[in-house]
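Asker: mind folding the following:
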Amino acid sequence: MKKSNWLALILIGLSVAALVGYQFWDRNNTDNIAPEIILEEGTLEVSVHDDTTALLQGITAKDNRDGDVTDSVIVEHVGLLNSEGDAAVRYVAIDRSGNVSKISRNVRYTDYESPRFRLTAPLQFVEGSGFEVVDLMGAWDTLDGDISHRIRATALSEKALSDAGIYDVRFQVTSSMGDTQELTLQVELYPAGIYNADLSLEEYLVYLPVGVRFDAKSYLESFRYSTNRADLTRGVPEAFSLDVTGGVNTGTPGVYEVKYVMDYVQGSQTYTGGTRLVVIVEE
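Answerer: Numbering: from 1, shown residues only. I've put the predicted structure just below:
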C-alpha cells in the first residue's frame, strides 16, 4: 500500500477517535439537567392588593451544578379561578446552562370578590327614544378594576324595546380570571310627558348583606323641577308627596327593584319625577 494511503487512513482514524472523544467529553461535561423547583405544602394565600412577588412565597429552586437558583424563578402564568376560588399559578426556573423546569400550584386570593355591577342612572327611558341600556351599566372587579367594557346585554323579550312597558334584560360580565356574573333587571319604557321633573338617588344599584335593615328613603338625593332643586338627603319636605313601590326582603337573598314617584304642586303646576333602585341581597 502506498505511503499516501497509509497516511490517509491514519488521519481518518485520528478524526474518528477525536469525534468519539469529544462526544464522550460532551456527554460528561454538558449540563442537560433542569433545576428542581420545590414548593411548600398547602395552598398559598395572598391578597388581591399584593404584587407578583407575593406569588413567589414558599418556593425555592436547586440545580445539580449551579446550586440555589431560586432567584431565577418567575411567574409564567396565572390561570382561571376554579369552583373554590383558587387560581393555578405556573412557575418557571432556569439554570446557567439554559435548562428550564416548570411547576404549578394553587393560590387563593383571600379577599377576592366576584365582579359587581353598577348603575349610573335608572333603567328607564321614554318609549320610542334611542338608548343603549349597557351604557348605564358598569362593572368592577377586585383584580381587574373597571371591566365595564366587558359587559354584554341581552333582551329576554321577543318584542323590541320600543313600546311602553317593562322588559327583562340580562347583563353578563366576565373577568380575566374567568369569573362570570349575570344579572337580570327590568327596563322600563314610559310614555312621553309622564315626568316633568328629575328625581335623583345617591345610588341606583346597591348590594346588601342578608339581615341588614333597608330604608328606601335613605337613598333619595334631590328633586329638580323647573329651575329649582330640593335636597332630599335629610328627608322629604312636607310639601312633597312620595310613593314607593316594590318591597325588599333582606332576609332572603335575591334581586329586588324599588320604584319611586314624587309629586310637588306649585300653584296650578304639578311636577312629577320617577326613578328606580336595584337592591341585591347577598347570602
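Asker: neighbours of G178, just the number please.
Answerer: 11 (other CB atoms under 10 Å). Just so you know, the C-beta spots here come from the backbone N, C-alpha and C atoms, and that holds for glycine as well.
Asker: hang on, it packs against L80?
Answerer: Yes: counting by CB atoms under 8 Å, G178 does reach L80; the two are 3.4 Å apart.
Asker: E188 sits in which helix or strand?
Answerer: Applying DSSP states H and E as the criterion places E188 in strand 180-190.
Asker: and S218, how many neighbours?
Answerer: Neighbour number of S218 under other CB under 10 Å is 11.
Asker: for I94, grab phi and psi.
Answerer: phi -140, psi 140 (degrees, to the nearest 10).
Asker: can you give me every residue that contacts it?
Answerer: Taking CB atoms under 8 Å, 6 or more residues apart in numbering, we find I94 in contact with 35, 69, 72, 100-101.
Asker: roughly how far does it sit from I38?
Answerer: To I38, I94 is 15 Å away according to CB to CB, to the nearest Å.
Asker: again, but for E158
Answerer: Relative to I38, and taking CB to CB, E158 is found at 59 Å.
Asker: more crowded one of those two?
Answerer: The residue with more neighbours, out of E158 and I38, is I38; 13 against 5, by other CB under 10 Å.
Asker: tally of neighbours for the residue nearest to the more buried one when sequence neighbours are not counted?
Answerer: Residue nearest to I38 in three dimensions, not counting chain neighbours: T60, with 4.9 Å by CB to CB, 6 or more residues apart in numbering. Neighbour count for T60, taken as other CB under 10 Å: 16.
Asker: next: D231.
Answerer: Neighbour tally, D231, other CB under 10 Å: 11.
Asker: which residues does it form beta bridges with?
Answerer: When assigned by DSSP bridges, D231 has beta-bridge partners S222.
Asker: test my guess that it contacts R224.
Answerer: No: using CB under 8 Å, D231 makes no contact with R224, being 10.5 Å away.
Asker: neighbours around T270, how many?
Answerer: T270 has 13 nearby residues by other CB under 10 Å.
Asker: do you know how far it is from E221?
Answerer: 21 Å.
Asker: with L183 instead?
Answerer: 23 Å.
Asker: got it, and S175?
Answerer: 30 Å.
Asker: neighbour count winner among the two?
Answerer: For S175 versus E221, neighbours defined as other CB under 10 Å are more numerous around S175 (22 against 13).
Asker: hmm, that one is touching Y112, no?
Answerer: No: using CB under 8 Å, S175 is not in contact with Y112, being 9.7 Å away.
Asker: which residues are in contact with both of these two?
Answerer: In contact with both S175 and Y112: L143, using CB under 8 Å, 6+ apart.
Asker: pLDDT below threshold where in the stretch 1-150 of the chain?
Answerer: The stretch 1-150 of the chain contains residues with pLDDT under 70 at 1-29, 83.
Asker: quick one, what contacts the residue nearest to S97 when sequence neighbours are not counted?
Answerer: Leaving aside its sequence neighbours, S97 sits nearest to D31 (CB to CB, 6+ apart; 3.8 Å). Shown in contact with D31 (CB under 8 Å, 6+ apart): 64-65, 95-97, 99.
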